[in-house]
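S.K.: coords please:
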Amino acid sequence: MKKRLGILLAVLLLLSALGATIVFQVPDSPQLMSLVPAKSSVPSFDGQCYQNSHIPAAIDAQGVLNVLVWNIYKENRSDWEPALSKYSRNKQLILLQESSFGSPLYQWLMQQNLSALQVHAFSVFNKSAGVMNIAGPPPISACAYTADEPLIRLPKSALVAYYQLSQPAQRLAVVNVHAINFSLGIEAFQQQLQQLTRTLTAHQGPILFAGDFNSWSDERIQLVNQMMASLSMQEVTFSDDQRKQFLSHPLDHVFYRGLVLNQARVVQTTASDHNPIQVSFSLPK
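M.R.: I've put the predicted structure just below:
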């Protein structure tokens, strides 16, 4: 009887492992998927980094930069598409976390005639998952980063991109992050943030660092604040703070440097388990 139970358990574990392999596919290294409708209607994989062969148009609109930051929950809610259309209206930059690149999102991007870069952290049923940057003009350059969750071993992702600004010789560095969540300590969380902040140490211009930080503890909040202080960043605050919280800590944040904050708000929605953040900046004169 024990032998049969052992064989059954081994078979179940094997089937479970095979099922996970079929459902989740993780690339050997971070990959960046780009979609530029003006050049091609077919998404392409560009390795870990993207380099624009031309000088792109400025991402701001006459010195104004309106940004949407939103964990879109893999587009699992039925009303995600009208919500995304609504919240992204008049936005020059859209930073999504937990985007799942399937046919509906692809069609939405094509209809809006927007360029997109997504970190291909892993795929689920052949749908690429990771953070995504959406804008009119593509960036000057961008690189994908991933960090494995210590417990579940699926990677979290981040995208570091540089966009042209309308001010002469000015570039905006943008970090879109979905931080490590399932860990007993903060070592892996710290290593992920340190890797991203190191990429910005030589950048002299404006910076936008935003996304789902999974900052659900005092330790994590303190570490995030220390990292952002090392880059002379300020945090966007909200008069009516409706950001998603866990253990009484907000998970989503927007930090900035070298920009003038005009206004910021959090909108309540049923289209995701996170509420979207809308922020408006101006370039300093």
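
S.K.: check contacts around residue 35.
M.R.: Residue 35 is in contact with 42, 43, 44, 106, 109, 115, 116, 117, counting by C-beta atoms under 8 Å, 6 or more residues apart in numbering. Bear in mind the C-beta positions are built from the backbone N, C-alpha and C, glycine included.

S.K.: where do the strands sit along the stretch 101-250 of the chain?
M.R.: Secondary structure of the stretch 101-250 of the chain, counting by DSSP state E, counting those that start in this stretch: strands at 115-120, 122-124, 127-135, 141-148, 155-164, 171-178, 207-212, 234-235, 245-246, 249-250.

S.K.: Figure out which of those is closest to residue 100.
M.R.: Comparison of the strands of the stretch 101-250 of the chain against residue 100 by C-beta to C-beta identifies strand 127-135 as nearest, at 5.0 Å.

S.K.: That closest one packs against which elements?
M.R.: Packing partners of strand 127-135 (3 or more C-beta pairs under 8 Å, 6 or more residues apart in numbering; DSSP states H and E): strand 93-101, strand 115-120, strand 122-124, strand 141-148, strand 155-164, strand 171-178.

S.K.: Work out the gap between that strand and the centre of the chain.
M.R.: Relative to the chain's own centre, strand 127-135 is displaced by 7 Å; criterion: C-alpha atoms, centre = their mean, to the nearest Å.

S.K.: ok and that strand relative to strand 115-120, angle-wise?
M.R.: Relative orientation of strand 127-135 versus strand 115-120 (axes from the mean of the first three to the mean of the last three C-alpha atoms, to 10 degrees): 140 degrees.

S.K.: what's in contact with strand 127-135?
M.R.: By C-beta under 8 Å, 6+ apart, the residues outside strand 127-135 that reach it are 33, 59, 74, 88, 92-102, 109, 114-123, 139, 142, 144, 146, 157-159, 161, 163, 174, 176-178, 211.

S.K.: got it, and stretch 227-246?
M.R.: Applying C-beta under 8 Å, 6+ apart, the contact partners of stretch 227-246 are 71, 193-194, 197, 200-201, 207, 209, 216, 225, 250-257, 261, 264-268, 273-275, 277, 279.

S.K.: Give me the buried entries from those.
M.R.: 71, 193, 197, 200, 207, 209, 216, 250-257, 264-267, 274-275, 277, 279 (16 or more other C-beta atoms under 10 Å).

S.K.: What ranges in the stretch 51-200 of the chain fall below the confidence cut-off?
M.R.: Across the stretch 51-200 of the chain, nothing is flagged by pLDDT under 70.

S.K.: so residue 56 sits in a strand?
M.R.: No: counting by DSSP: H, G, I helix; E, B strand; the rest coil, residue 56 falls outside a strand, being coil.

S.K.: Dump the contacts of residue 35 to a markdown table, plus distance to residue 188.
M.R.: A markdown table is the format used below for these (distance: C-beta to C-beta, whole Å):
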| residue | distance to residue 188 |
| --- | --- |
| 42 | 35 |
| 43 | 30 |
| 44 | 31 |
| 106 | 32 |
| 109 | 32 |
| 115 | 32 |
| 116 | 28 |
| 117 | 25 |
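
S.K.: Please convert those to JSON lines, extending it with neighbour count.
M.R.: Listed next are the contacts of residue 35 as JSON lines, based on neighbours: other C-beta atoms under 10 Å:
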{"residue": "42", "neighbour count": "9"}
{"residue": "43", "neighbour count": "18"}
{"residue": "44", "neighbour count": "12"}
{"residue": "106", "neighbour count": "15"}
{"residue": "109", "neighbour count": "19"}
{"residue": "115", "neighbour count": "20"}
{"residue": "116", "neighbour count": "25"}
{"residue": "117", "neighbour count": "26"}
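
S.K.: Now compare the residues you listed and name the two farthest from each other.
M.R.: Using C-beta to C-beta, the pair of the contacts of residue 35 lying farthest apart is 42 and 117, separated by 14.6 Å.

S.K.: From residue 163, how far out is the residue nearest to residue 63 when sequence neighbours are not counted?
M.R.: Distances taken as C-beta to C-beta, 6 or more residues apart in numbering put residue 283 closest to residue 63, at 4.6 Å, once the chain neighbours are dropped. Going from residue 283 to residue 163 by C-beta to C-beta, to the nearest Å gives 12 Å.
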